[in-house]
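**Q** For reference, the sequence and a predicted model appear below.
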Amino acid sequence: MQYVLFVIFLTGKDKILIVDDEKINIAVLTSYLTDNYDIIAASTGEEALKIVKKEEPDLILLDVVMPGMDGFDVCRTIKHDYKLDFIPVIMLTALTSRNDHQKGIEVGADDFLKKPADRFELDKKITALLRIKEQHDLLLQDRNKAYEYLDYVGVLIAVLDRDYKLIHINQKGADILGYNRNNIISRDWIDLIVSESYASLVKKKYDRLLDGIMDEPECSEYPIMTITRKEKLFKWHYSVLKDAKGNITNILISGEDITEKRKDEIKLIEYAKKLQKSNEIKDLFTDVLRHDLLNPAGLIKSFTELLEETATSEKQKLLIENIKKSNLKLTDLIENAAKLAKLESIDEMAFVRTDIASMAETTLCSFEQSLNSHKMKLVFEKSETCFAFANPMIEGVFTNLISNAIKYSPDNTTITVKIEDFADKWKVSVADQGDGIPDADKEAVFTRFNRLHKENIKGSGIGLAIVKRIMDLHGEKVGVFDNQEGHGSIFWFTLKKAY
């Protein structure tokens, strides 16, 4: 018999339990239904309850008058004690009084059928109730999927009843609080987690929600207490759940732990205050980037684009291309200056193995037009390759030193660039034949906005300040001394060798 039942239950048909103390009634109903349904039978109420717990049938045909536990008691137990209210129950009865029907409704019966059962009417009632049960099961599946989804979201989600008792909390929320969620269902939410100093405020908020009053904004912040009584700051969002008649039944709350976020915000505010006090940072962006660098770079870019439209000869196109390349380097320099401002509090930067000789050659080529226009000669003395540990920003050092040498030297002079072996370092120097720098000003030239005045030369003086900052970040030295082979200065810096 067990083998037969096992085979039947594999068919995928709906499972119907017939409960009747008369074997003939069970036989008749089985003959009506066996083609379309899997049939289980019980002859007593007690036996029926055991089967219901074990098999959870899809529908129950339940006789009312039975010895011992009658149909009313069985139905009440299933619907109220077993909490299996989603199993449809059709009561089969020869009783026709109004009171009997009322009693059946009170214990949870879904429908009634008079004995002896008409086959057509029986099939109609079963089909209708099973369709309803199918929809109910689908809704349960959707609800369970929603609950499973809520378990994976990164915020605490809870549902409270009108007495502020917890009726659902997602797994993430239980983990945040440190509780086993099965142990806190039906607990008073305010007593459970809300800090005592905020309890009355939160209760007032919940009361207003239950009265249909949604405050603006629809969120608030208050601390909660975990199971270890550790306080955490949460940002809460609220909504209400309603029944079919539109009555508010529950409060839905979601909370995000913003404890660390608030600490970071406080640190950020403190840091912003420090930055606000720094005139150097403000001056760097407002006086230099906006006025002295960005505007000329923008004009050069606009004029270059206009020239590209009118250029006809190959020479013109080549000159325009050189202008574009030089302006691009200027723009890169501006961006590097902005980065330097942001790196004021950084002690370290990333270094890569770099051929500084090749980098220097590339930089020198970009100044070819400027050198020719001033009839200057450039001498570059180096080894074949000079690998150093450097950040790409080191190119800005070459650019600034060469630019300054051209800017502050008279026409028809020579600029000499050297990369010398200096024990475990490379020493890079740029020598010009300009007016030189007095000893008293040698240190000051690396300070931003300190620049020796020279007629017909406009600039902000930021170049050498950028050089100094880049070298500081490299942990290397930079300086200037007099050019002993004639007028002018020699600017130098060191870099650690990369073998």
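**A** Cool, the structure landed.
**Q** which residues are contacting stretch 236-245?
**A** Residues outside stretch 236-245 that contact it (CB atoms under 8 Å, 6 or more residues apart in numbering): 159, 205, 209-210, 212, 214, 218-222, 248-255. Any C-beta I mention is one placed from the backbone N, CA and C, and that applies to glycine too.
**Q** at 7 Å what do you get?
**A** Leu209, Glu218, Cys219, Ser220, Ile248, Thr249, Asn250, Ile251, Leu252, Ile253, Ser254, Gly255 (CB atoms under 7 Å, 6 or more residues apart in numbering).
**Q** swap in stretch 209-217?
**A** Taking CB under 7 Å, 6+ apart as the rule, stretch 209-217 contacts Arg162, Arg208, Tyr238, Val240, Ile248, Ile251.
**Q** Does the fourth one fall in a helix, a strand, or a coil region?
**A** So that's Val240. Here Val240 is recorded as strand under DSSP: H, G, I helix; E, B strand; the rest coil.
**Q** List buried residues within the contacts of stretch 209-217.
**A** Buried members of those, counted by 16 or more other CB atoms under 10 Å: Tyr238, Ile251.
**Q** what's the most distant pair in the contacts of stretch 209-217?
**A** Within the contacts of stretch 209-217, Arg162 and Tyr238 form the most distant pair, 14.3 Å apart (CB to CB).
**Q** okay, and the helix or strand of the chain with the least pLDDT?
**A** helix 2-9 (a mean of 38; mean pLDDT, DSSP states H and E).
**Q** Which strands border the helix or strand following it, and is each parallel or antiparallel?
**A** Per DSSP states H and E, the first helix or strand lying C-terminal to helix 2-9 is strand 15-19. Here strand 15-19 has these sheet partners by DSSP bridges: strand 38-42 (parallel), strand 59-63 (parallel).
**Q** ok, residues contacting the last one?
**A** Strand 59-63 is contacted by residues 14, 16-21, 25, 29, 71, 74-75, 87-92, 126, 129-130 when judged by CB under 7 Å, 6+ apart.
**Q** Could you do the first one as well?
**A** With contacts defined as CB under 7 Å, 6+ apart, strand 38-42 is touched by 8-9, 11, 13, 15-19, 26, 30, 33, 48, 51, 55, 57.
**Q** that older thread, just the closest of the contacts of stretch 236-245 to Val445, please.
**A** Nearest to Val445 among the contacts of stretch 236-245 is Cys219, at 55.6 Å by CB to CB.
**Q** Check the gap between the closest one and Leu401 for me.
**A** Counting by CB to CB, to the nearest Å, the separation of Cys219 from Leu401 is 56 Å.
**Q** Which of the two has more residues huddled nearby?
**A** Using other CB atoms under 10 Å as the criterion, Cys219 and Leu401 rank with Leu401 on top: 25 against 13.
**Q** which ones are touching the more buried one?
**A** Taking CB under 7 Å, 6+ apart, one finds Val430, Val467, Phe491 in contact with Leu401.
**Q** Asp100: which of the residues you listed is nearest?
**A** Val467 (101.7 Å).
**Q** And Lys427, its phi and psi?
**A** phi -110, psi 120 (degrees, to the nearest 10).
**Q** That one - how many residues pack around it?
**A** Using other CB under 10 Å, the number of residues around Lys427 comes to 15.
**Q** Thought Glu420 was touching it, still the case?
**A** Yes - applying CB atoms under 7 Å, one finds Lys427 in contact with Glu420, separated by 4.7 Å.
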